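*Asks:* A structural model of the following input is requested.
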Amino acid sequence: MFDGLSDRLAKTAQRLRGQGRLTEENIQDALREVRMALLEADVALPVVRTFVEDVKQRAMGEDVLTSLTPGQVFISVVQQELVQIMGEANETLDLTTQPPAVILMAGLQGAGKTTTVAKLARLLMDRDGKKTLLVSCDVYRPAAIAQLQTLASQVGAEFFPSSTDQDPAKIASAAIEHARKQHIDVVLVDTAGRLHIDNEMMDEIRRVHEAARPVETLFVVDSMTGQDAANTAHAFDEALPLTGVILTKTDGDARGGAALSIRQITGKPIKFMGIGEKIDALEPFHPDRVASRILGMGDVLSLVEEVQQKVDHKKAEQLARKVKKGKSFDFNDLKDQFEQMQNMGGMAGLIDKMPGMGGMADKVKDKVNDREIRRMIAIIQSMTPKERRFPDIIKGSRKRRIAAGCGLQVQDVNRLMKQHQQMRKMMKKMSKGGMASMMRGLKGKMPPGMGPGGMGF
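*Replies:* All right, here's what the predicted structure looks like:
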């Protein structure tokens with residue numbers, strides 16, 4: 001996420017950290033680099049101008065120029081200004097109303113609106129314990145209603161049926177009345193998107209809004225459209241009283257222009273961001289955490305929250321007890337570790353949140369990527385239950401059968417077995433000498449990208 005912007009700003013930071021003191025000249029050079037980085041990230045020009053001017057005013061102040069670590073203070077100023085333009089703090093949904101609270105979702109076609117409706121329902125159910133109802137008012141796009149019904153069943157939300165011959169405003173009213181009778185907490189209304197903004201579309205969504213009277217009207221926009229996302233959000237805001245924005249596809253957005261432009265141009269907060277295709281890949285947008293990621297400082301708080309929510313604590317405790325008793329770490333345990341990592345967004349998602357991984361991220365991702373993890377799981381799945389429990393019995397003929405079973409080479413099986421042996425040795429050391437001993441064992445022995453905290457959690 002935001003790789004291009006991160007790389008440019010990281011290089012600027014590196015150069016400034018080597019300066020014994022800052023002068024007006026090297027601040028101007030740094031600001032020129034920051035301006036170029038933002039423009040290349042497709043940030044809207046008015047936002048770039050305001051940002052650079054604000055950073056300049058603060059950077060020329062006494063605190064920066066007289067600091068013993070001026071480079072670090074300058075980067076701190078950049079970070080604070082990034083937070084400022086993105087909204088300072090996460091703004092949560094305001095659901096304090098007589099149930100059902102209605103959330104209306106608007107946006108252009110292809111932004112991922114329908115999927116985001118289901119993701120938000122899942123988040124509200126898991127995090128807040130809300131009973132949710134999904135309804136589609138999209139009577140134009142083929143199979144839009146069926147798609148939302150399928151997604152509703154996937155996340156465990158209720159679905160209100162509708163059909164293409166109904167009026168969208170009447171669908172919304174009927175769904176809300178049903179929710180009231182069934183004591184449902186939140187109704188999420190999916191509206192029709194278009195390939196571009198037109199008057200007919202805006203008139204219809206105004207009618208749906210009037211019928212639904214939502215407490216939250218969220219604009220869903222593809223972050224990869226850059227500053228166009230901000231301009232589209234502004235056009236919608238003129239037609240509807242938007243309360244916030246959801247950025248989708250941020251995991252594929254190497255620039256970050258949308259995230260840095262939307263708040264300044266629309267005045268509306270970014271409330272959530274989609275970070276992948278999985279149904280749980282939606283997280284609250286925290287400007288301070290995103291700014292830290294952009295500057296290569298990681299996002300430890302989000303990482304900790306993700307571990308708490310997505311790691312299977314029961315399995316983790318079972319593995320800890322097993323290791324403590326001196327029992328061997330087998331392929332079933334290794335497979336569990338790989339699957340836990342996938343649940344947390346894979347290697348790319350983890351690396352993105354780790355402090356100090358900015359410059360190393362691409363190298364690590366290249367060597368140990370999510371595709372490689374899927375291959376290793378496939379190898380383990382090709383083993384018999386006995387082979388998974390007793391790895392030492394896997395010799396020549398078994399290796400050939402396992403490789404053939406998953407469509408890979410014997411060398412791939414050998415690589416996985418070597419990795420498993422290293423993990424088993426480390427687990428053994430941990431059972432004897434605790435965490436400190438295991439960390440010493442880790443040093444220099446793990447494959448690239450599989451360092452401390454990577455596989456064993």
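*Asks:* what about Tyr294, neighbour count?
*Replies:* Tyr isn't right for residue 294; it's Ile. Look at Ile294: counted by other C-beta atoms under 10 Å, it has 25 neighbours. For glycine as for every other residue, the C-beta is placed from the backbone atoms N, C-alpha and C.
*Asks:* again with Glu177
*Replies:* 12.
*Asks:* Now it: which helix or strand?
*Replies:* Assigned by DSSP states H and E, Glu177 falls within helix 168-181.
*Asks:* So Asp392 versus Lys56, what's the distance?
*Replies:* 65 Å (C-beta to C-beta, to the nearest Å).
*Asks:* Among those two, which residue is more densely surrounded?
*Replies:* More crowded of Asp392 and Lys56, by other C-beta under 10 Å: Lys56, with 17 against 10.
*Asks:* excluding its backbone neighbours, what's nearest that one?
*Replies:* In space, and not counting its chain neighbours, Lys56 is closest to Leu31: 5.7 Å by C-beta to C-beta, 6 or more residues apart in numbering.
*Asks:* returning to what we had before: in the helix or strand immediately after the helix holding Glu177 in the chain, what counts as buried?
*Replies:* Per DSSP H and E, helix 168-181 leads on to strand 186-190 as the next helix or strand towards the C-terminus. Neighbour counts over strand 186-190 (16 or more other C-beta atoms under 10 Å) mark 186-190 as buried.
*Asks:* Would you map the helices across the stretch 151-300 of the chain?
*Replies:* Ranges of helices within the stretch 151-300 of the chain are 168-181, 199-212, 227-239, 257-266, 287-294, 300-310, based on DSSP state H, counting those that start in this stretch.
*Asks:* and these, which is most packed in?
*Replies:* For the helices of the stretch 151-300 of the chain, average neighbour numbers computed from mean count of other C-beta atoms under 10 Å are highest in helix 257-266, which has a mean of 26.
*Asks:* elements contacting it?
*Replies:* Packing partners of helix 257-266 (3 or more C-beta pairs under 8 Å, 6 or more residues apart in numbering; DSSP states H and E): helix 45-59, helix 70-86, strand 216-222, helix 227-239, strand 244-248, strand 270-274.
*Asks:* Mind listing what's buried along the second one?
*Replies:* This means helix 70-86. If you call a residue buried by 16+ other C-beta under 10 Å, then helix 70-86 has these buried ones: 70-71, 73-79, 81-86.
*Asks:* what packs against the very next helix or strand once past it?
*Replies:* On the C-terminal side of helix 70-86, the closest following helix or strand by DSSP H and E is strand 101-107. With contacts taken as 3+ C-beta pairs under 8 Å, 6+ apart, strand 101-107 sits against helix 113-128, strand 186-190, helix 199-212, strand 216-222.
*Asks:* Parallel or antiparallel, list what pairs with strand 101-107.
*Replies:* Counting by DSSP bridges, the strands paired with strand 101-107 are strand 186-190 (parallel), strand 216-222 (parallel).
*Asks:* Of the ones you listed, which is nearest Thr243?
*Replies:* strand 216-222 (4.9 Å; C-beta to C-beta).
*Asks:* Please write out the alpha-carbon positions of that closest one in CSV.
*Replies:* C-alpha atoms of strand 216-222 as CSV (Å, rounded to 0.1, in the frame of the first residue of the first chain):
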residue,chain,number,x,y,z
GLU,A,216,-24.9,7.2,7.7
THR,A,217,-24.5,7.9,4.0
LEU,A,218,-21.2,6.4,2.9
PHE,A,219,-19.5,6.9,-0.5
VAL,A,220,-17.6,3.8,-1.7
VAL,A,221,-14.7,4.7,-4.0
ASP,A,222,-11.8,2.8,-5.7
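*Asks:* So what touches it?
*Replies:* 93-95, 101-108, 110-113, 116, 209, 229, 232-233, 236-237, 240-249, 258, 262, 268, 271 (C-beta atoms under 8 Å, 6 or more residues apart in numbering).
*Asks:* Give me the distance from it to the chain's centre.
*Replies:* Relative to its parent chain, strand 216-222 has a centroid offset of 17 Å by C-alpha atoms, centre = their mean, to the nearest Å.
*Asks:* how deep is Glu158 tucked in, by neighbour count?
*Replies:* By other C-beta under 10 Å, the residues close to Glu158 number 18.
*Asks:* so where does the residue nearest to it when sequence neighbours are not counted fall, helix or strand?
*Replies:* Closest residue to Glu158 apart from its sequence neighbours, by C-beta to C-beta, 6+ apart: Leu133 at 4.6 Å. Take DSSP H and E as the rule and Leu133 turns out to sit in strand 132-136.
*Asks:* Mind pulling the model confidence for the residue most central in space within the chain?
*Replies:* Geometric centre of the chain, nearest residue: Ile275, 3.0 Å, by C-alpha atoms, centre = their mean. With respect to pLDDT, Ile275 scores 82.
*Asks:* Fine, thanks again, bye for now.
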